[in-house]
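J.: give me a 3D structure for the following:
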Amino acid sequence: MLASITNGVFIALFLNTGLLLTLANANLTEHPPHFITNIFTGPFYDYEPEWYAQVGFLILKTMIINALLPFSGLALGWGLPFIHRKMDMKWGNDRYVTKKTSMMAYKKIWSGGEYIMHIKNAGLLLVVFVTCMYGVGMPLLFPVAAVNFFIQWTVERIMAVYQVKLPPSLDDKLTNNLLAMIKWAPLIMLFNGYWMLSNE
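T.: As a prediction, this is how the structure comes out:
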């Protein structure tokens, strides 16, 4: 189930981040089948120099924002529980002063949140696929992806140690699913990279 959720979230993210901007600005009216391609009446017939200045810049900006996004998760992981705990302690400093009437409710407010690994896997797949799809024409995506992976690695280590509950024991299905999906990224890189290089 978690592998299916990972794939579904990744496909939605990739369509939104990797394809939507390109398709919204593409002009495919010259290509059949016309009942589909007549929908796409954007300004760009191909990967033209202006495409990089307009659409490519937006894709790069989205990936930079995506690279910095884990910091907001880290801040929320500290901030929201802190506020809830302070409210439970009546804004004092004694953690034994509580409004909770059961041990289970007390433990819930002082323990961490759930570690949602499958959504994080979908985010990793998004970075790899968008970078491979457009990286040949926009090489800046590769260092942005490297920074993204480093930030995610650092933030995930901090969250796993200090913020979330001990993750449940899982088998290797999520990892195998990730590897099975990621093997298609170089193929997309070859096809779209050739297309981008042939139009510069």
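
J.: remind me which helix or strand the residue nearest to residue 145 when sequence neighbours are not counted belongs to.
T.: Closest residue to residue 145 apart from its sequence neighbours, by Cβ to Cβ, 6 or more residues apart in numbering: residue 131 at 4.2 Å. Every C-beta, even on glycine, is put in place using the N, C-alpha and C of the backbone. Assigned by DSSP states H and E, residue 131 belongs to helix 117-134.

J.: the residue nearest to residue 145: neighbour count?
T.: Residue 131: 23 surrounding residues under other Cβ atoms under 10 Å.

J.: cool, and residue 127?
T.: Neighbours around residue 127, by other Cβ under 10 Å: 22.

J.: these two touch, right, it and residue 63?
T.: Yes. Here residue 127 lies in contact with residue 63, judged by Cβ atoms under 8 Å, at a distance of 7.2 Å.

J.: which neighbours do the two share?
T.: Counting by Cβ atoms under 8 Å, 6 or more residues apart in numbering, the residues touching both residue 127 and residue 63 are 145, 148.

J.: wait, what's in contact with the spatially most central residue of the chain?
T.: For the chain, the residue nearest the mean C-alpha position is residue 123 (2.9 Å; Cα atoms, centre = their mean). Residue 123 is in contact with 13, 66, 152, counting by Cβ under 8 Å, 6+ apart.

J.: for the residues you listed, give me JSON lines that also has secondary structure, pLDDT and distance to residue 46.
T.: JSON lines is the format used below for these (DSSP: H, G, I helix; E, B strand; the rest coil; pLDDT from 0 to 100; distance: Cβ to Cβ, whole Å):
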{"residue": "13", "secondary structure": "helix", "pLDDT": "87", "distance to residue 46": "25"}
{"residue": "66", "secondary structure": "helix", "pLDDT": "92", "distance to residue 46": "26"}
{"residue": "152", "secondary structure": "helix", "pLDDT": "93", "distance to residue 46": "34"}
